[in-house]
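In: One predicted model, sequence on top.
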Amino acid sequence: MADLSAAPAALLTTADGRPLKAALARAQQQAKRRAFLLVLPLLAFIVVTFVLPIGQMLHQSIYNDKFSANMPRLVAWFESTEPGTVPDEAAYEALALDIRDAAVARTIGEVGTRVNYEYSGTRSLFTSSGRKFRSLEPPYKEAVLEAEPKWADPAIWATMRQVAPAYSTNFFLAAIDMTRNEKHEIVAVAEDRQIYVTLFKRTFFMAALITVACLILAYPVAHLLATLPLKWSNLLMILVLLPFWTSLLVRTTSWMVLLQQQGVINNTLVALGIIGDDGRISMMYNQTGTIIAMTHILLPFMILPLYSVMRPIPPSYVRAARSLGASSWTAFRRVYLPQTLPGIGAGSLLVFILAVGYYITPALVGGADGQLISNLIAFHMTNSLNWSLAAALAAILLGVVLVLYWLYDKLVGIDNLKLG
Amino acid sequence: MALPVYASPLERVWYFSRLTICALIFLFLISPILVIIPLSFNAEPYFTFTEKMLAFDPEGYSLRWYDLLLTQPGVPTDVPRDAAWWGQVWREAAWVNAAKNSVIIGFFSTIVATVLGTVAALGLSRAEMPYRKAVMAILISPMIVPIIITATGLFFFYSNPCSLLTWTGLAADSCGRLAGTYTGIVLAHATLGIPFVIITVTATLSGFDHSLTRAAASLGANPTTTFFKVTMPLILPGVISGALFAFVTSFDEVVVVLFVAAHDQQTIPRQMWNGIREQISPAILSVATILVIVSIGLLATVELLRRRSDRLRGVTGV
């Protein structure tokens, strides 16, 4: 007996005599490595084509060397003096020589644009100085002020000091309607220039409204699909999946056709005599148009998760509640609805995440007051060319979406994402 | 959800009003897509039904907007339509060229997305996969991150790919240019299509019986043979569905193209985008109609594949 109880540790070996535990660990390690190697090419691909570019964008949101790269002497002067120092002869010399060099290198416009982001109306000062400073002689202070008296303004020196470092959080401040004053304190910008916070609020409000609209429309449809026999529900499911598969631009175009002042809906209402010819409703190029079109486009993303949660709920539960005396409303509220909560959560989060970042539909049917934050990012990328501000706005939006994505993963799990 | 016999009159009213509401919601879902089909045959340049159309007068309908797709911008309309004319259409018509570009970009990005995505899905569906959740979250993220952010990032990356690639040590000095190239668009569209491939293929693999591959291995097949002879035929429906999703994603993508493509790299969505923004002409509706018919075809294919896949996996009741 004693022999047997001492033996097992020595007995458990593989055919070639290695301890079984070590062999198992090795095999598992190998299996892990094999699985990871299969995923590795795609992971590397996504990192290069997606994660790193977004990292580069984030870098752009705190980095802008348009001033520091082109005005080296002035940057050095700012670094060697305290904030609030009155510009002396050395400062004016640095300014005059930097502007002259930048004008020769044709980068003075970039410098002016960079300063202009923080202090509007100054771009022309830089470009005109670039022309005038070609042949300045010392003493520079008098010469500069004679050529362009606006350089005496302390505000412009304070602004230049702010934009001198290549790395700054100014673009993030600008993205939440904040700025730094002359004493380097963070303050809110003038009320008539506050646009971004309002736009973020509007984006979240409209996304929430669209989510609620989708939920209200999707719930009865998903319930119908889940309770019909499969033969019928599969047939009706096509009506849900066809919009899902149809091009986004096609769906947006059709809403434009329907909602126009001279469009199908208005014409029908006029023909039926519900509204007069002069009372045509404007449903497009405003928030209404954006909300209607986006609700339609995102509806399948709500119906599908609701359906997949409702389908397995046995109808006998509600029947049992009814037989125990519950009214149909109580049976729904106390028995059916709680069981569908996971679907409501999954669908609402997904629709909200997608709606917050929507670009195409608001750009086409949104008009002036139906624009979302994405449209402003695009505007700064392609029209105003303030890329750093666009990147800062995008970074804030990305942060919000990633938090929601993390929440989705926690509550629902990305494995449960279904596409029809 | 048949009405139970014990339903009260109030419940009966509610039951039928609920059915009506559902019917209206289905109408809301489908009518915008169906309404453009007849309008694309409008003989007049309007976006609404003319009186002649409502009276089903043949004069109210025409193919002029489809004709426009073949002839814009410089193909003559008043010559006999022989082989030479069709050759000119093939070379010069703006919409035909856009369609060619879209198909080429879609084809290559689908290949990249499907091959990489399927291989990765095989790894992800193994129980031994380390950091499975985190890796999956990264691979799905192109679908979740707003397209404008992706486009912005790619714009910065493509305008100077060298800086980033040298920094990561992936490429030395000769990394070329990506902005305005087909390679750049294909890579970006492949990235956007990959989440769909991952989702469909892992869903198919979730019902996959792994003892089949072990059986193949025990019978002497090497991993490659096992994959092509055993695994692939079983997961093929999922792979094809994923590929179709990836293709549609690329075929419908406009924002990245607007940000990183050159001016002469027109695709169908880009042409539509420009058409809608500048001046919406009924020619857009004829393109939209063609795209709706294409998507009906794709949906039918995917549904058939899904049923086949369910049958192969032994899911009954479909």
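Out: Structure received.
In: Could you point out which residue ranges in chain A have low pLDDT?
Out: Within chain A, the ranges that satisfy pLDDT under 70 run A:1-11, A:182, A:418-420.
In: mind listing the strands for it?
Out: Using DSSP state E, the strands assigned to chain A run over residues A:178-180, A:186-188.
In: so what strands line up beside the last one?
Out: When you say that, I think you mean strand A:186-188. strand A:178-180 (antiparallel) (DSSP bridges).
In: that older thread, of all the strands of chain A, which one is nearest residue A:211?
Out: strand A:178-180 (29.1 Å; Cβ to Cβ). Backbone N, C-alpha and C define where each C-beta goes, glycine included.
In: Identify all contacting residues around that closest one.
Out: A:118, A:162, A:170, A:173, A:186-189 (Cβ atoms under 8 Å, 6 or more residues apart in numbering or on different chains).
In: Now chain A against chain B: closest residue?
Out: residue A:357 (2.4 Å; Cβ to the nearest Cβ).
In: contacting residues for that residue?
Out: Residue A:357 is in contact with A:374, A:397, A:401, B:145-149, counting by Cβ under 8 Å, 6+ apart.
In: Neighbour count and distance to residue B:20 added to those residues, as TSV?
Out: Formatted as TSV, the contacts of residue A:357 follow (neighbours: other Cβ atoms under 10 Å in any protein chain shown; distance: Cβ to Cβ, whole Å):
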residue	neighbour count	distance to residue B:20
A:374	26	37
A:397	24	40
A:401	20	37
B:145	22	40
B:146	25	37
B:147	20	37
B:148	28	39
B:149	25	42
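In: Residue B:100: which of those is nearest?
Out: Using Cβ to Cβ, the contacts of residue A:357 come closest to residue B:100 at residue B:147, 23.9 Å.
In: Please report how far the most centrally placed residue in chain B lies from chain A.
Out: Of all residues in chain B, the one closest to the mean position by Cα atoms, centre = their mean is residue B:248, 1.0 Å from it. Relative to chain A, residue B:248 is positioned 7 Å away (Cβ to the nearest Cβ, to the nearest Å).
In: you'd agree that residue is up against residue B:295?
Out: Yes - with contact defined as Cβ atoms under 8 Å, residue B:248 reaches residue B:295; the gap is 7.4 Å.
In: Tell me which residue in chain B sits closest to chain A.
Out: Closest point on chain B to chain A, by Cβ to the nearest Cβ, is residue B:146, at 2.4 Å.
In: pLDDT score assigned to that residue?
Out: Per-residue pLDDT puts residue B:146 at 94.
In: For residue A:260, see how far away the nearest residue to it once chain neighbours are set aside is.
Out: In this structure, residue B:146 finds its nearest non-sequential neighbour in residue A:357, 2.4 Å apart by Cβ to Cβ, 6 or more residues apart in numbering or on different chains. Note on residue A:357: its distance to residue A:260, by Cβ to Cβ, to the nearest Å, is 27 Å.
In: Repeat that for residue A:235.
Out: Residue A:235 is 32 Å from residue A:260, by Cβ to Cβ.
In: do residue B:233 as well
Out: With Cβ to Cβ as the criterion, residue B:233 and residue A:260 are 51 Å apart.
In: Of these two, which one has the most company?
Out: Neighbours were counted for residue B:233 and for residue A:260 using other Cβ atoms under 10 Å in any protein chain shown; residue A:260 has more, 23 against 10.
In: and the stretch 251-400 of chain A, which of its residues are near chain B?
Out: A:251-258, A:260, A:262-264, A:267, A:296, A:299-300, A:315, A:319, A:322, A:328, A:353, A:356-360, A:364, A:374, A:377-378, A:381-382, A:387, A:390-391, A:394, A:397-398 (Cβ under 8 Å from any Cβ of the partner chain).
In: Now do the same contact list for residue B:255.
Out: A:359-360, A:378, B:147-148, B:150-151.
In: one more time with 7 Å
Out: Shown in contact with residue B:255 (Cβ atoms under 7 Å, 6 or more residues apart in numbering or on different chains): A:359-360, B:147-148, B:151.
In: do residue A:396 as well
Out: Per Cβ under 7 Å, 6+ apart, neighbours of residue A:396: residue A:175.
In: Domain-wise, how is chain A divided?
Out: Chain A breaks down into these domains under automatic domain parsing: A:16-60, A:72-169, A:198-416.
In: show me where the stretch 151-300 of chain B has helices.
Out: B:161-168, B:182-206, B:211-218, B:223-226, B:232-251, B:255-260, B:268-278, B:282-312 (DSSP state H, counting those that start in this stretch).
In: What average pLDDT does the second one get?
Out: Which is helix B:182-206. 92.
In: next one: it to chain centre, how far?
Out: 11 Å (Cα atoms, centre = their mean, to the nearest Å).
In: now swap in the third one and tell me
Out: Distance, stretch centre to chain centre, for helix B:211-218: 35 Å (Cα atoms, centre = their mean).
In: Any part of that helix near chain A?
Out: No - between helix B:211-218 and chain A, judged by Cβ under 7 Å from any Cβ of the partner chain, nothing touches; the nearest distance is 12.2 Å.
In: Contact distance from chain A - what residues of the stretch 151-300 of chain B qualify?
Out: So far as Cβ under 7 Å from any Cβ goes, the stretch 151-300 of chain B lies against chain A at B:152-157, B:164, B:168, B:170, B:187-188, B:191, B:194, B:196, B:199-200, B:245, B:248, B:252, B:254-255, B:269, B:272-273, B:276, B:280, B:284, B:288, B:291-292, B:295-296, B:298-299.
In: Mind checking which of the residues you listed are buried?
Out: B:152-157, B:164, B:187-188, B:191, B:194, B:196, B:199-200, B:245, B:248, B:252, B:254-255, B:269, B:272-273, B:276, B:280, B:284, B:288, B:291-292, B:295, B:298-299 (16 or more other Cβ atoms under 10 Å in any protein chain shown).
In: in chain B, which helix or strand is least confident?
Out: Here the helix or strand of chain B ranked lowest by mean pLDDT, DSSP states H and E is helix B:161-168, holding a mean of 67.
In: excluding its backbone neighbours, what's nearest residue A:385?
Out: residue A:113 (7.7 Å).
In: Check the gap between the closest residue to residue A:257 other than its chain neighbours and residue B:279 for me.
Out: Of all residues not flanking residue A:257 in the chain, residue B:47 sits nearest, at 4.7 Å (Cβ to Cβ, 6+ apart). Distance, residue B:47 to residue B:279, using Cβ to Cβ: 12 Å.
In: of those two, who's got more company?
Out: Here residue B:47 and residue B:279 are compared on neighbour count by other Cβ under 10 Å; more neighbours surround residue B:47, at 24 against 8.
In: The more buried one in helix, strand or coil?
Out: Here residue B:47 is recorded as coil under DSSP: H, G, I helix; E, B strand; the rest coil.
In: contacting residues around it?
Out: Contacts of residue B:47 (Cβ under 7 Å, 6+ apart): A:257, A:260, A:262-263, B:39, B:282.
In: Kindly reformat those residues as CSV containing distance to residue B:117.
Out: Listed next are these as CSV, based on distance: Cβ to Cβ, whole Å:
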residue, distance to residue B:117
A:257, 36
A:260, 41
A:262, 45
A:263, 41
B:39, 38
B:282, 39
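In: Just the buried ones among the residues you listed, please.
Out: A:257, A:260, A:263, B:39, B:282.
In: Could you check the pLDDT of the fourth one?
Out: At residue B:39 the predicted local confidence, pLDDT, stands at 86.
In: For the closest residue to it other than its chain neighbours, list the residues it contacts.
Out: Closest residue to residue B:39 in three dimensions, ignoring its sequence neighbours and counting by Cβ to Cβ, 6+ apart: residue B:285, at 5.4 Å. By Cβ under 7 Å, 6+ apart, the contact list for residue B:285 reads B:36, B:39-40, B:65.
In: from those, which would you call buried?
Out: B:36, B:39-40, B:65.
In: Quick check: the farthest pair among these?
Out: Maximum distance among the buried ones among the contacts of residue B:285 (Cβ to Cβ): 11.2 Å, for B:36 and B:65.
In: where exactly do the helices run in the stretch 251-400 of chain A?
Out: A:264-271, A:287-310, A:316-323, A:328-331, A:337-356, A:360-365, A:373-382, A:387-411.
In: No more questions from me, cheers.
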